[in-house]
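J.: Sequence and predicted structure are below.
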Amino acid sequence: MSLPPLVEPASELTRDEVNRYSRHLIIPDVGMSGQKRLKNARVLVVGAGGLGSPALMYLAAAGVGTLGVIDFDVVDESNLQRQVIHRQSSLGKPKAESAAATVREINPLIEVVVHNTALDRDNIMDIFGRYDLIVDGTDNFATRYMVNDAAVLLGKPYVWGSIYRFDGQASVFWAEHGPCYRCLYPEPPPPGMVPSCAEGGVLGVLCASIGSIQVNEAIKLLAGIGEPLVGRLMIYDALEMTYRTVKVRKDPECPLCGKNPTQTELLEDYEAFCGAVSDEAAEAAKESTITVQDLKGMQDRGDAIFLVDVREPNEYEIVSIPGATLIPKGEFLNGSALERLPQDRKIVLHCKSGVRSAEALAVVKNAGFGDAVHVGGGVLAWVNQIDPSLPSY
């Protein structure tokens, strides 16, 4: 459905702006009026990572007058495969500042606002309140639900995107005109069910595909042109090269945007709402988590341990802890791994960061291996603290 323009037009475009945006100006649906609206718009991009990179660059190039970026992380070498807004010279620098520097090079005529901080319950309402539109480039469920809730409570539209391996999704959530994110996903998936990009990977160019769609939707909303993805979910398969859309209806029973909302403020703890690990895994890991230094000590002493890597085979090929036997987490969940565990050695489990190994630990303990433990921090901690010569990922 068509929607009215989100912002009023600026009073004028300068000569430099007319020259810069001339290819927009000659499009009848955009024209001077649409470009003036872009100039007058205030857009916040949440995250300067895979999706935020192309979104920020194209929003800047399009002439969005005030462009905000919020991110608390620093640039890591593994980011450069897909986060094209950063450069080799940006390694170790705050992502928000690195992104802002690139954006200013793309378009010096716009204002860039840097929020070099983590988005949380205490600051989100204030920060979102300064902008007309939010572009969500987050990569975890806790922040996605918080972004949605804040946008609904403030009456703000936001453009959402999600990527994983070769698949992408995008939509526009605006409770005033359609569903919110909770209408599509009322509850987060069970902990450990949906791997993050850090665990499952993502094709770098997929970020550009979905990020550019997000910018396309943002421009349509700001200028009041076309039919935004309100009430529709766009699904992209990069391997099959297919796009399809499905309708998303507003849930009249939605606790946030339904007819009788029961949630009238932000949740106290979004991490607890989404759950990093299941209750069973958290209970199993309690007092059964060791450090990589503990593991190294066990190996140096020659302790009778059976070290198990619960990651996937392609991850194991990249880097592995010496002496580890690969048994993917799925084999623990279906029970087939249990027959491979020796009874005369202490079972020590690890994964990339500690989440998947905690889930496997719950299975192992329930099977009677009461003294089993898992390694907090996993391979990442081993590479960072024990053997920096190994590659990270």
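T.: That came through, no problem.
J.: going forward, measure contacts between C-alpha atoms and count neighbours the same way
T.: OK.
J.: where does the stretch 201-350 of the chain dip in pLDDT?
T.: Along the stretch 201-350 of the chain, segments meeting pLDDT under 70 span 275-276.
J.: all strands for it, in order.
T.: 232-237, 242-247, 289-290, 305-309, 325-326, 346-350 (DSSP state E, counting those that start in this stretch).
J.: in its sheet, what does the last one sit against?
T.: It refers to strand 346-350. Its sheet considered, strand 346-350 pairs with strand 305-309 (parallel), strand 373-375 (parallel) by DSSP bridges.
J.: could you point out which element follows it?
T.: As assigned by DSSP states H and E, the chain's next helix or strand after strand 346-350 is helix 355-366.
J.: helices or strands next to that following helix in the packing?
T.: helix 279-285, helix 329-333, strand 346-350, strand 373-375 (3 or more CA pairs under 8 Å, 6 or more residues apart in numbering; DSSP states H and E).
J.: how much distance is there from the second one to the middle of the chain?
T.: Okay, so that is helix 329-333. Relative to the chain's own centre, helix 329-333 is displaced by 25 Å; criterion: CA atoms, centre = their mean, to the nearest Å.
J.: try the longest one
T.: Taking CA atoms, centre = their mean, one finds the center of helix 279-285 at 25 Å from the center of the full chain.
J.: residues of it that come out buried?
T.: Residues of helix 279-285 classed as buried by neighbour count (16 or more other CA atoms under 10 Å): 281, 282, 284, 285.
J.: Count the neighbours of the nearest residue to the third one once chain neighbours are set aside for me.
T.: In this case it means residue 284. Here the nearest residue to residue 284 in space, its sequence neighbours aside, is residue 362; by CA to CA, 6 or more residues apart in numbering that works out to 5.1 Å. Residues within reach of residue 362, counting by other CA atoms under 10 Å, total 24.
J.: Over to the one 4 residues further on?
T.: When neighbours are counted by other CA under 10 Å, residue 366 registers 11.
J.: Repeat that for residue 126.
T.: Residue 126 - counted by other CA under 10 Å - has 12 other residues nearby.
J.: I'd like the strands paired with strand 346-350 laid out as TSV, including mean neighbour count.
T.: Formatted as TSV, the strands paired with strand 346-350 follow (neighbours: other CA atoms under 10 Å):
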stretch	mean neighbour count
strand 305-309	22
strand 373-375	28
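J.: Comparing the strands of the stretch 201-350 of the chain, which comes out most buried?
T.: Mean neighbour count (mean count of other CA atoms under 10 Å) peaks for strand 346-350 among these, with a mean of 24.
J.: can you list the helices and strands packed on helix 355-366 in CSV and add distance to residue 105?
T.: What follows is the helices and strands packed on helix 355-366, written out as CSV (distance: least, CA to CA, whole Å):
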stretch, distance to residue 105
helix 279-285, 46
helix 329-333, 45
strand 346-350, 43
strand 373-375, 44
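J.: what about these, which gets the closest to residue 265?
T.: Across those, residue 265 has its closest neighbour in helix 279-285 (25.6 Å, CA to CA).
J.: how is this structure carved up into domains?
T.: 15-274, 279-386 (the TED database).
J.: From residue 312, how far off is residue 201?
T.: 11 Å (CA to CA, to the nearest Å).
J.: Check residue 157 too.
T.: Residue 157 sits 38 Å away from residue 312, going by CA to CA.
J.: now for the host helix or strand of residue 159, which elements pack on it?
T.: Assigned by DSSP H and E, residue 159 belongs to strand 158-164. Counting contacts by 3+ CA pairs under 8 Å, 6+ apart, strand 158-164 is packed against strand 133-136, strand 167-173, helix 197-200, helix 204-223.
J.: Run the chain-centre distance for that strand.
T.: The answer for strand 158-164 is 8 Å, by CA atoms, centre = their mean.
J.: Given that strand, what are its sheet partners and their directions?
T.: In the sheet, strand 158-164 lines up with strand 133-136 (parallel), strand 167-173 (antiparallel) (DSSP bridges).
J.: okay if I get those strands as JSON lines plus mean neighbour count and distance to residue 353?
T.: Formatted as JSON lines, the strands paired with strand 158-164 follow (neighbours: other CA atoms under 10 Å; distance: least, CA to CA, whole Å):
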{"stretch": "strand 133-136", "mean neighbour count": "25", "distance to residue 353": "25"}
{"stretch": "strand 167-173", "mean neighbour count": "24", "distance to residue 353": "23"}
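J.: For residue 328, find the nearest of the ones you listed.
T.: The nearest among those, by CA to CA, is strand 167-173 at 22.6 Å.
J.: relative to strand 232-237, how tilted is the closest one?
T.: Angle, strand 167-173 to strand 232-237, by axes from the mean of the first three to the mean of the last three CA atoms, to 10 degrees: 170 degrees.
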